[in-house]
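1. The sequence and its predicted three-dimensional model are supplied below.
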2 protein chains.
Amino acid sequence: MSTNPSKKPSKSDRTKTSILEAARGLFAEHGYDGASIRDIAARASIDPAMVIRYFNSKDELFARAALFDLQLPATLVTEHAPIGEAIIKRFLETWEGSPGANGMVILLRSAASNEFAAEKVRDVFANQIRPVVAAFGSPADAGRRAGLVASQLLGLATCRYLLRLPPVVALSQEEIIANVGPALQRYVMGPEVQ
Amino acid sequence: MSTNPSKKPSKSDRTKTSILEAARGLFAEHGYDGASIRDIAARASIDPAMVIRYFNSKDELFARAALFDLQLPATLVTEHAPIGEAIIKRFLETWEGSPGANGMVILLRSAASNEFAAEKVRDVFANQIRPVVAAFGSPADAGRRAGLVASQLLGLATCRYLLRLPPVVALSQEEIIANVGPALQRYVMGPEVQ
DNA sequence: TCCGTTTATCAACAGCTGTTGACTTTCTAA
DNA sequence: TTAGAAAGTCAACAGCTGTTGATAAACGGA
């Protein structure tokens, strides 16, 4: 079980990848509890024991499957578009950009009943959303304003990807940007700049 | 097992009530899957078999425990406060008014991985939020606007009650009304009335 | 071809789940 | 006091869960 750095993919690497793919899909669809190791193994067409052999436990597998990065860099502050629009635009890119980039859905689906996933979501908030918001407006209440931004972003994700509320699913990316952007703008900059 | 209408509460009624109370608490804390019948029975200090005897299955128990009403009546339209403020105010009253009125938390916590709960949440949206929003602005895109309102309301509930994001938990009801109210107002009435 | 390593299979474990049926206790009305 | 109903207890079922160890097959280099 060598980590096999930068060589041609060995058989075990391919199996590992297929397990991870199956896990990502099932965790995103059914959450941590709803996706069993046997289900994951079946989708990857291998024996359940292999899942444990390659990842040591279901928890570790979930941790690997839920890895993702918001990619909200500091460069965001240099753009000329309103910050509210820039944020929601970046989020949509991350969530709907490349297929398989469903890390946020995996986390969100499990966060309601899994403390590890919930902590990870809070982490994303603290390390990715808060700094961007803090770069604008008064730094004193950056937490409060970032919390409001998070509530709108997570609510949108919940309605669009988890609950699949029809009118929210039907929204185009442009409509979302045009509608949610100003709301975020207000949360970030405060009503006085509105 | 008579339904015993309007008499003094029989022993069975009291047991039934205590089961329902325990179920509401545990479903709200751990979701549908996370709360087992044995857990619920233990909290109610009775035998697990009684849970099935009084409610016929776990699903039926959950359905009874998750019953709740938003109480968003048509009279909302007669108030003189801005509709956005009126909506968020009413929501806070329902969610945080009387202890034990945690129906929305129960539903939301389970909706991520339980299709029945998800359907109920969509139901609340369609039957409680949409009509109120539809009474304002152009009725043509009432669905879209109601969807945006729902995304902000559910996001707030998710951050405050499920994830317990510290800065969102710290918000006072007045702060929430002052910040979220205008955002909802914009979703309901559209930018042109802003 | 042979050998050692890697990869995969299988059966089983202990513990949990919702649910059931037989049984016993407690209460209530005649 | 006694008969009958209501309420509660107990053990067990079948099926699922994550995880493990022994064993077998496939592979790759000498």
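-> Noted; the coordinates are in hand.
2. what's whatever helix or strand residue A:133 lives in packed up against?
-> Per DSSP states H and E: residue A:133 is located in helix A:130-134. Judged by 3 or more CB pairs under 8 Å, 6 or more residues apart in numbering or on different chains; DSSP states H and E, helix A:130-134 is in contact with helix A:142-157. Every C-beta, even on glycine, is put in place using the N, C-alpha and C of the backbone.
3. and the next element down the chain from the helix it packs on?
-> Counting by DSSP H and E, what follows helix A:142-157 is helix A:166-170.
4. Dump that following helix to PDB, restricted to CA.
-> C-alpha atoms of helix A:166-170 as PDB (Å, rounded to 0.1, in the frame of the first residue of the first chain):
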ATOM      1  CA  PRO A 166     -39.000  23.700  -7.100                       C
ATOM      2  CA  PRO A 167     -39.000  27.500  -7.500                       C
ATOM      3  CA  VAL A 168     -35.500  27.700  -6.000                       C
ATOM      4  CA  VAL A 169     -34.200  24.900  -8.300                       C
ATOM      5  CA  ALA A 170     -35.700  26.700 -11.200                       C
END
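5. That helix packs against which elements?
-> Secondary-structure packing of helix A:166-170 (3+ CB pairs under 8 Å, 6+ apart): helix B:142-157.
6. As CSV, could you dump the C-alpha coordinates of the helix it packs on?
-> This file holds the C-alpha atoms of helix B:142-157, laid out as CSV (Å, rounded to 0.1, in the frame of the first residue of the first chain):
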residue,chain,number,x,y,z
ALA,B,142,-44.8,34.7,-6.6
GLY,B,143,-43.2,31.3,-6.6
ARG,B,144,-39.7,32.7,-7.3
ARG,B,145,-40.1,35.4,-4.6
ALA,B,146,-41.4,33.0,-2.1
GLY,B,147,-38.5,30.7,-2.8
LEU,B,148,-36.1,33.4,-2.0
VAL,B,149,-37.9,34.2,1.2
ALA,B,150,-37.9,30.6,2.2
SER,B,151,-34.1,30.3,1.5
GLN,B,152,-33.4,33.1,4.0
LEU,B,153,-35.8,31.9,6.6
LEU,B,154,-34.6,28.3,6.5
GLY,B,155,-31.0,29.4,6.4
LEU,B,156,-31.5,31.5,9.5
ALA,B,157,-33.1,28.5,11.3
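7. distance between the helix holding residue A:133 and the chain's centre?
-> Counting by CA atoms, centre = their mean, to the nearest Å, helix A:130-134 is centred 18 Å from the centre of its parent chain.
8. mean confidence for it?
-> Averaged across helix A:130-134, the pLDDT comes to 93.
9. In chain A, which residue is most central in space?
-> residue A:104 (1.8 Å; CA atoms, centre = their mean).
10. Output the helix or strand containing that one as CSV, restricted to C-alpha atoms.
-> In this structure, residue A:104 sits in helix A:103-111 according to DSSP H and E. Listed next in CSV are the C-alpha coordinates belonging to helix A:103-111 (Å, rounded to 0.1, in the frame of the first residue of the first chain):
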residue,chain,number,x,y,z
GLY,A,103,-18.4,18.7,-1.0
MET,A,104,-20.7,21.3,0.4
VAL,A,105,-23.8,19.1,-0.3
ILE,A,106,-22.1,16.2,1.5
LEU,A,107,-21.4,18.3,4.5
LEU,A,108,-24.7,20.1,4.6
ARG,A,109,-26.7,16.9,4.2
SER,A,110,-25.0,15.3,7.2
ALA,A,111,-24.5,18.3,9.4
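11. ok, the closest residue to residue A:166 other than its chain neighbours - contacts?
-> Leaving aside its chain neighbours, residue A:166 sits nearest to residue B:143 (7.5 Å; criterion: CB to CB, 6 or more residues apart in numbering or on different chains). By CB atoms under 8 Å, 6 or more residues apart in numbering or on different chains, the contact list for residue B:143 reads A:166, A:167, A:170, B:130.
12. got a pLDDT number for residue B:143?
-> 95.
13. measure it to DNA strand D for me?
-> 37 Å (CB to the nearest atom of the strand, to the nearest Å).
14. Next: residue A:32.
-> Taking CB to the nearest atom of the strand, one finds residue A:32 at 8 Å from DNA strand D.
15. Would you format the contacts of residue B:143 as a markdown table with neighbour count and distance to DNA strand D included?
-> As requested, the contacts of residue B:143 are exported to a markdown table (neighbours: other CB atoms under 10 Å in any protein chain shown; distance: CB to the nearest atom of the strand, whole Å):
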| residue | neighbour count | distance to DNA strand D |
| --- | --- | --- |
| A:166 | 13 | 30 |
| A:167 | 20 | 34 |
| A:170 | 12 | 34 |
| B:130 | 19 | 36 |
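16. biggest separation within these, which pair?
-> Farthest apart among the contacts of residue B:143 by CB to CB are A:170 and B:130. That separation is 13.8 Å.
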